[in-house]
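Undergrad: Sharing a model that was predicted from the sequence below.
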Amino acid sequence: MNKAVLFLLILLVAVPAQARRAVSLMPSYTEIIFELGAGKELAGVSNFCNWPPETAKIEKAGDYLRPNIEKVYSLKPDVVFTGAWAGESVVKQLASLGVKVAALPEEKRVADVYSTIRLIAAQLERKAGGEALVRKLSGLLKAMPGRPGKPLKVYIEADAGGWTTGSESFLSDAVEHAGGANVFGREKRSYFQATWEEVLLLDPEAVILLEGTEREFLARPMARDLAAVKAGRVITTLNRDAFTRPGPRLFDEISRLRKLLYEKK
Amino acid sequence: MKRSSALYITAALAAACLFSLAAGPAGLSYEIIWNLRLPRTLAALTVGAGLGLAGALFQGVLKNPLSDPYILGTSAGATAAAVFCFLGGIERTSPLFFLAVFAGAFGATFLSYWLARLAGRLSDAALVLAGVAVSAFLTALVMLTLSAARERSFSLFYFVLGGLYQVDPGVLAVSALITGVCGALALARWRALDAMALGAENAYHLGLSPERERMLFFALACAATSAAVALGGTIGFVGLMTPHIVRLLTGPSARTLLPAAALGGAALLTAADAAGRTLFSPAEIPAGVVMALAGAPFFMWLLWKSSRGKA
């Protein structure tokens, strides 16, 4: 009799210990999982995951391009979230070890973040929470005021040395949501190094620097002739991580960018 | 022969400059040419000349057709010093930066030399082998630093890759000055270099101190390489290829080979940089990548051509 009670007690204690264990190999997925309130289920994150601060205490398992397969395996995850575009070999290797992999498609537009949230929420059995988060984020975009007049031409420098994005990156779409127009929006590429001469020719009315200082930027030849510089619209205050990750914080940055572009200082 | 080879090299240089100055999305805009393409062309000329000169000096003094700033670890030493300077807050405009980069270049070259000497009597082959080891170690050190450095690792990575996206006028002036002085000093001692090319023993019998001459030419080649690395990062193949190409025109004497290698290197890199800017416009390919892409096949073509010439 006593043994039976003890057995039942062990079972009761053991079942919550069997909670889901997830590994996220992308910083944006990690942020989404925390927003869904499922941060406790994360057994491992990528080396680049640094938000929210709680991620500091979670085991690191490499990055999305080169995850530490043995580490991921040793964390005994029920599901591993990775980018489908990050390479089939990663998915295949993990699958061959019997690890369940959720390979999520790359976000090319801001709205694709919603589908990523829904996919993650479905895997974590938090569909209602996922819908609520999507409603909250899309609400942020809808709440932004319309822009006055024509969209400003915006040059996004993601990394110093002319690294910018064309239409195939969600950053281009993010700038459009903020009421701007990417000067390289007609380029059917995601990430590329643009020649400085082309930037001068396109004459952006606003410049977003995600790396480097305004001083360095102004030191480039003829930079002071740009309409953006004359209008004082060289923006260096966006949060680089938040703006370049297709996650929940992107939406706050879009509203901030909207203000930086169109509200008088 | 002499006059026509000078003509070929001048023509190549003029064509490369014209290409670099005229090609670009803005067409023939005076402002763009003056403010943008001219500084960049001058930078490409300087880097190319420095690397071409360094390649000719190393190949001459070591009697080895495969030596160049890359094989000997000179570039790797300069690059490692530059990367540590950036991470330590010493920027390219500081005189300390040039000193550190030169120290890195010379230190790495001297280390290769010293290692080779450990094996006993210095053989040029051992020196090249030691250079490969030093170069590999320093490159690994740079890669380790870049993997560990969170901040700026991306722009530093592109510095290591080599390119002329952003040219600082001050750095350009200093680099051009260093390269010019190195070229003049080396050219003034062309007889010594020719004697060294006959072998250290022959040089000794001609009344030279081979050891001292070697160190002097090493220092000049290291200074020219440092000037190039400070301006354009790590750009390969110019130092290896240029002396081989121009030697077909000028013959082996340093008196004509050194200026031809400097001018030829300048033409080669200027053309490579202009191609990188225009081929996939508005996207830009760093000159280092263009050189690596064009360098290897060109080298093969050169070998094939010379073997046919002999047959």
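TA: Now that the structure is in, tell me what you want to look at.

Undergrad: list the contacts for the spatially most central residue of chain B?
TA: In chain B, the C-alpha closest to the average C-alpha coordinate belongs to B:Leu51, at a distance of 1.7 Å (Cα atoms, centre = their mean). Shown in contact with B:Leu51 (Cβ atoms under 8 Å, 6 or more residues apart in numbering or on different chains): B:69, B:224-225, B:228, B:235, B:238-239, B:242, B:265, B:269. C-beta here means a position set from N, CA and C on the backbone, and glycine is covered the same way.

Undergrad: Need those in a markdown table (columns: pLDDT).
TA: Shown next, in a markdown table, are the contacts of B:Leu51 (pLDDT from 0 to 100):
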| residue | pLDDT |
| --- | --- |
| B:Pro69 | 90 |
| B:Ala224 | 97 |
| B:Thr225 | 96 |
| B:Ala228 | 96 |
| B:Ile235 | 89 |
| B:Val238 | 92 |
| B:Gly239 | 91 |
| B:Thr242 | 92 |
| B:Gly265 | 96 |
| B:Leu269 | 96 |
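
Undergrad: Secondary structure class of the residue nearest to the centre of chain B, three-state.
TA: Secondary structure state of B:Leu51, per DSSP: H, G, I helix; E, B strand; the rest coil, is helix.

Undergrad: pLDDT of stretch A:241-260, averaged?
TA: Per-residue pLDDT values across stretch A:241-260 average out to 95.

Undergrad: Can you give me the end-to-end span of it?
TA: Using Cα to Cα, to the nearest Å, the end-to-end distance of stretch A:241-260 comes out at 18 Å.

Undergrad: buried ones in that stretch?
TA: Neighbour-count burial for stretch A:241-260 flags A:241-251, A:253-258, A:260 (criterion: 16 or more other Cβ atoms under 10 Å in any protein chain shown).

Undergrad: quick check, that stretch touching chain B?
TA: No - Stretch A:241-260 lies out of reach of chain B by Cβ under 8 Å from any Cβ of the partner chain, never closer than 11.1 Å.

Undergrad: ok, and what's touching that stretch?
TA: Here stretch A:241-260 makes contact (Cβ under 8 Å, 6+ apart) with A:27-29, A:31-32, A:35, A:50-51, A:107, A:110, A:112-113, A:116, A:133, A:137, A:140-141, A:143-145, A:147, A:158, A:170-171, A:174-175, A:177-180, A:208, A:210, A:233, A:235, A:237-239.

Undergrad: for stretch A:85-94, same thing?
TA: Under Cβ under 8 Å, 6+ apart, the answer for stretch A:85-94 is A:25-26, A:64-65, A:67, A:69, A:72-73, A:80, A:82, A:84, A:101, A:103, A:105-106.

Undergrad: Specify the local secondary structure of A:His49.
TA: To be clear, residue A:49 is Cys; His isn't right here. A:Cys49 is classified as coil under three-state DSSP.

Undergrad: Name the spans of chain A whose pLDDT lies under the cut-off.
TA: Applying pLDDT under 70 to chain A flags residues A:1-18, A:86-87, A:264-265.

Undergrad: Can you show me the strands along it?
TA: Here chain A has its strands, by DSSP state E, at A:22-24, A:42-45, A:59-60, A:79-83, A:101-104, A:152-157, A:163-165, A:180-182, A:191-193, A:206-209, A:234-235.

Undergrad: Nothing else from me, thank you.
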